[in-house]
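Provided below are the primary sequence and the corresponding predicted coordinates.
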There are 2 protein chains.
Amino acid sequence: MALRLLSEGKYQGTASPAYWNRVGPFGGMTAAMMLNAVLISPQRLGDPVALTVNYAAAMAAAPYQLNTRVVRSSRTTQHWNVELVQEEKIVATATAICALRRETWQHSEVSVPEGLPSAVALSAPTHSHSMPWSRQYDLRPVRVSALSEQQQASLGSTKDPQVPSHAWIRDHPPRPLDYPALASICDTVLPWMFRRRKEIIQMSTVSMSIYFHVSKAELDRVGEQYVYTKSFGQICHAGFMDSQAQIWSQDKVLLATMQQLMWVKE
Amino acid sequence: MALRLLSEGKYQGTASPAYWNRVGPFGGMTAAMMLNAVLISPQRLGDPVALTVNYAAAMAAAPYQLNTRVVRSSRTTQHWNVELVQEEKIVATATAICALRRETWQHSEVSVPEGLPSAVALSAPTHSHSMPWSRQYDLRPVRVSALSEQQQASLGSTKDPQVPSHAWIRDHPPRPLDYPALASICDTVLPWMFRRRKEIIQMSTVSMSIYFHVSKAELDRVGEQYVYTKSFGQICHAGFMDSQAQIWSQDKVLLATMQQLMWVKE
């Protein structure tokens, strides 16, 4: 994700083929690249709390330019707009909100299921026949049907139609988790439609919104550990499908929550 | 929400005091105003599928300008950026994605609870001591504790810590539902923290993302009927709280899903 400063707020980079998907880079990588441009900016205030990325066109295997702009700043909050441009056309837009976090009442309405198997108890990925981007991850899906009845029950009531998918993931080779890597991991979750239809359907992300729920210091504590992703969805209608996810640390800290809208090709 | 065309893509309007909140207009109204500017644009393609609004500062009781721009268009999808400006400063930014919907496989992972009371079975709002914006709605929260045990169970397992809030709502006086009105309704849901702490805490929306799951024709079928909102949340941490919602028609069509991040004042 190395970027070269062109002029104030403008950077140039080249997308790594290591993170390629069918057409263009994996969407998580695009999100990471756009957030990275905000994070390296000298005028950035605090840490990211919200990121929305809109995917407007397929990115080409060519250099890209990132145009960043502070839209509005207060003492505690800063709003950014980012454009990803190739050949003078906008390929993706993003908005990011950074803020100074402060101690307040805190509470989580959701939790990590009791019966979740640990990452090391699951098979390592073979990476055969996979897309280049997925080889950059050690992604270990939890095969719910292989678990005990008690474990299955703890992972989501079988009476609930919104059955979630569970996985452990970290970068391969391992490296300390940062905000861009966390944003990218948000886009690795299994679309619920694959499970529901028992087949793989081509789809591409149209828009993804991520909320970050940890400070830089809290994120640094994750280091090279696996993170747990729980994903689910609500609806597929007229060519568009939603997807949602929670990303948790091994220490049961909710790191980020994600919502995305995908375009379904069929 | 009447807008005056200034030049291509630029409009001027004045926020109605009828939709005022503590400071500035109710956030749902701001979302409606920004989406409206896209919808009235002559080059708009299809219907909205995604909208993200970022609230950068409090809006003043003064005229505002909306700057709209088509960022990228394909044959089926169109990406918009919108800025809301007052006194040459950006107050809010939005991205909207419009698209031509098409028939595909469709499925909903979520549903309307069986035991949900109808809107007419609930008390009408008194509107005493309420904020101006809330008087523009006929908002009828479902008081779960007043229901039968069987109804309570159907509205969300009591074993599940993520207990949802339920309400029926329509404009007051009634008028046919459109996309801006639907976007605004997404911001009327009860923040889960009020229920959890049994007190009202001041908070303001920082970012809100809405996915629309119906075509214009499907939305028109709702007309002046009440819609059902189910809301829940995941976490409050370090001054920021998330909230999520589903908006359903009386005919059990999922109209929109929403996710927002709020800044908590305390």
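Happy to help now that I have it.

got the contact list for the nearest residue to A:Ser215 once chain neighbours are set aside?
Leaving out its chain neighbours, the residue that sits closest to A:Ser215 by Cβ to Cβ, 6 or more residues apart in numbering or on different chains is A:Arg101, at 5.1 Å. The C-beta positions use only the backbone N, C-alpha and C, and glycine is treated the same way. Going by Cβ atoms under 8 Å, 6 or more residues apart in numbering or on different chains, A:Arg101 touches A:46-47, A:49, A:215, B:237-240.

From those residues, pick the one nearest A:Ile90.
A:Val49 (24.5 Å; Cβ to Cβ).

Could you verify my assumption that A:Trp263 touches A:Val206?
Yes - counting by Cβ atoms under 8 Å, A:Val206 is a contact partner of A:Trp263 at 5.1 Å.

Tell me where chain A has helices.
A:27-39, A:149-154, A:179-186, A:192-197, A:216-220 (DSSP state H).

Between A:Trp263 and A:Val206, which is the more surrounded one?
For A:Trp263 and A:Val206, the more surrounded residue by other Cβ atoms under 10 Å in any protein chain shown is A:Val206, and the numbers stand at 23 against 20.

any common contacting residues for A:Trp263 and A:Val206?
Contact criterion Cβ under 8 Å, 6+ apart; residues shared by A:Trp263 and A:Val206: A:240, B:77, B:99.

Just send the residues you listed back as JSON lines, with pLDDT and distance to B:Leu5 too.
Shown next, in JSON lines, are the shared contacts of A:Trp263 and A:Val206 (pLDDT from 0 to 100; distance: Cβ to Cβ, whole Å):
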{"residue": "A:Phe240", "pLDDT": "97", "distance to B:Leu5": "31"}
{"residue": "B:Thr77", "pLDDT": "96", "distance to B:Leu5": "25"}
{"residue": "B:Ala99", "pLDDT": "97", "distance to B:Leu5": "25"}
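
what's the pLDDT at the residue nearest to A:Ser215?
In this prediction, A:Arg101 carries a pLDDT score of 94.

Please enumerate the strands of the stretch 1-150 of chain A.
For the stretch 1-150 of chain A, the strands defined by DSSP state E, counting those that start in this stretch occupy A:4-7, A:10-14, A:47-55, A:63-73, A:77-86, A:89-99, A:107-108, A:137-141.

hmm, who's touching the shortest one?
The set of residues that contact strand A:107-108 without belonging to it, under Cβ under 8 Å, 6+ apart, is A:254, B:193, B:196, B:234-237.

let's see 10 Å
Residues outside strand A:107-108 that contact it (Cβ atoms under 10 Å, 6 or more residues apart in numbering or on different chains): A:213, A:246, A:248, A:252-254, B:161-162, B:192-193, B:196-197, B:233-237, B:241.

Out of the residues you listed, list just those in strands.
Among the contacts of strand A:107-108, DSSP state E puts A:246, A:248, A:254, B:235-237, B:241 in strands.

Return the distance of the closest residue to A:Ile40 other than its chain neighbours relative to A:Ala57.
Computed as Cβ to Cβ, 6+ apart, the closest residue to A:Ile40 that is not its neighbour in sequence is A:Leu3, at 6.8 Å. A:Leu3 is 21 Å from A:Ala57, where distance means Cβ to Cβ, to the nearest Å.

and chain B, which of the helices of chain A is closest to it?
helix A:192-197 (6.3 Å; Cβ to the nearest Cβ).

Buried ones in the closest one, by neighbour count?
Of all the residues in helix A:192-197, those buried under the rule 16 or more other Cβ atoms under 10 Å in any protein chain shown are A:192-193.

And stretch A:125-137, by the same measure?
Quick answer for stretch A:125-137 (16+ other Cβ under 10 Å): A:125, A:133-134, A:136-137.

do stretch A:75-84 as well
For stretch A:75-84, burial by neighbour count (16+ other Cβ under 10 Å) applies to A:77-84.

ok, the spatially most central residue of chain A - contacts?
Nearest to the mean C-alpha position of chain A, by Cα atoms, centre = their mean, lies A:Cys186 at 2.0 Å. By Cβ under 10 Å, 6+ apart, the contact set of A:Cys186 is A:27-28, A:31-32, A:51, A:53, A:208-212, A:229, A:231, A:243, A:245-247, A:255-260.

Give me the buried entries from these.
Judged by 16+ other Cβ under 10 Å, buried ones among these: A:27-28, A:31-32, A:51, A:53, A:208-212, A:229, A:231, A:243, A:245-247, A:255-260.

pLDDT weak spots in the stretch 151-266 of chain A?
A:157-161 (pLDDT under 70).

Pick out the residue of it closest to chain B.
Nearest to chain B in the stretch 151-266 of chain A, going by Cβ to the nearest Cβ, is A:Ala238, at a distance of 3.7 Å.

got a list of what that residue touches?
A:264, B:47, B:49, B:99-104, B:106, B:213-215, B:218.

try 7 Å this time
Residues in contact with A:Ala238 (Cβ atoms under 7 Å, 6 or more residues apart in numbering or on different chains) are B:101-104, B:215.

Of all the strands of the stretch 1-150 of chain A, which one is nearest A:Pro176?
The nearest among the strands of the stretch 1-150 of chain A, by Cβ to Cβ, is strand A:137-141 at 14.5 Å.

And that closest one, what does it pack against?
In terms of contacts (3 or more Cβ pairs under 7 Å, 6 or more residues apart in numbering or on different chains; DSSP states H and E), strand A:137-141 is packed against strand A:165-171.

Output the strand it packs on in CSV with nothing but the alpha carbons.
Only the C-alpha atoms of strand A:165-171 are listed here, as CSV (Å, rounded to 0.1, in the frame of the first residue of the first chain):
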residue,chain,number,x,y,z
SER,A,165,-21.4,-17.8,9.6
HIS,A,166,-18.4,-18.0,11.9
ALA,A,167,-14.6,-17.9,11.0
TRP,A,168,-11.2,-17.1,12.5
ILE,A,169,-8.8,-15.0,10.3
ARG,A,170,-5.5,-13.3,10.4
ASP,A,171,-3.0,-12.0,7.8
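
Direction included, what does that strand pair against?
Sheet pairing here is set by DSSP bridges, and for strand A:165-171 it gives strand A:137-141 (antiparallel), strand A:227-232 (antiparallel).

and the angle for that strand with helix A:179-186?
Angle of strand A:165-171 versus helix A:179-186, following axes from the mean of the first three to the mean of the last three Cα atoms, to 10 degrees, is 150 degrees.

quick one: contacts of strand A:165-171?
A:116, A:119, A:122, A:136-142, A:155, A:181, A:185, A:188-190, A:192, A:195, A:224-231.

And that strand, what's buried?
Along strand A:165-171, these residues count as buried under the neighbour rule (16+ other Cβ under 10 Å): A:165-171.

chain center to that strand: distance?
Chain-centre distance of strand A:165-171: 11 Å, with Cα atoms, centre = their mean, to the nearest Å.

ok, now stretch A:195-212?
Taking Cα atoms, centre = their mean, one finds the center of stretch A:195-212 at 11 Å from the center of the full chain.

Can I get it in PDB, CA atoms only?
Provided in PDB are the C-alpha atoms of stretch A:195-212 (Å, rounded to 0.1, in the frame of the first residue of the first chain):
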ATOM      1  CA  ARG A 195     -24.900 -20.900   2.500                       C
ATOM      2  CA  ARG A 196     -28.600 -20.500   1.700                       C
ATOM      3  CA  ARG A 197     -28.300 -21.500  -2.000                       C
ATOM      4  CA  LYS A 198     -25.400 -24.000  -1.500                       C
ATOM      5  CA  GLU A 199     -23.600 -22.600  -4.500                       C
ATOM      6  CA  ILE A 200     -21.200 -19.700  -5.200                       C
ATOM      7  CA  ILE A 201     -22.800 -16.700  -6.900                       C
ATOM      8  CA  GLN A 202     -20.700 -13.900  -8.400                       C
ATOM      9  CA  MET A 203     -21.300 -10.700  -6.600                       C
ATOM     10  CA  SER A 204     -19.500  -7.400  -6.000                       C
ATOM     11  CA  THR A 205     -19.700  -4.900  -3.100                       C
ATOM     12  CA  VAL A 206     -21.500  -1.700  -4.000                       C
ATOM     13  CA  SER A 207     -21.100   0.000  -0.600                       C
ATOM     14  CA  MET A 208     -19.600  -0.900   2.700                       C
ATOM     15  CA  SER A 209     -19.800   0.900   6.100                       C
ATOM     16  CA  ILE A 210     -17.600   0.000   9.000                       C
ATOM     17  CA  TYR A 211     -17.700   1.300  12.600                       C
ATOM     18  CA  PHE A 212     -14.500   0.900  14.600                       C
END
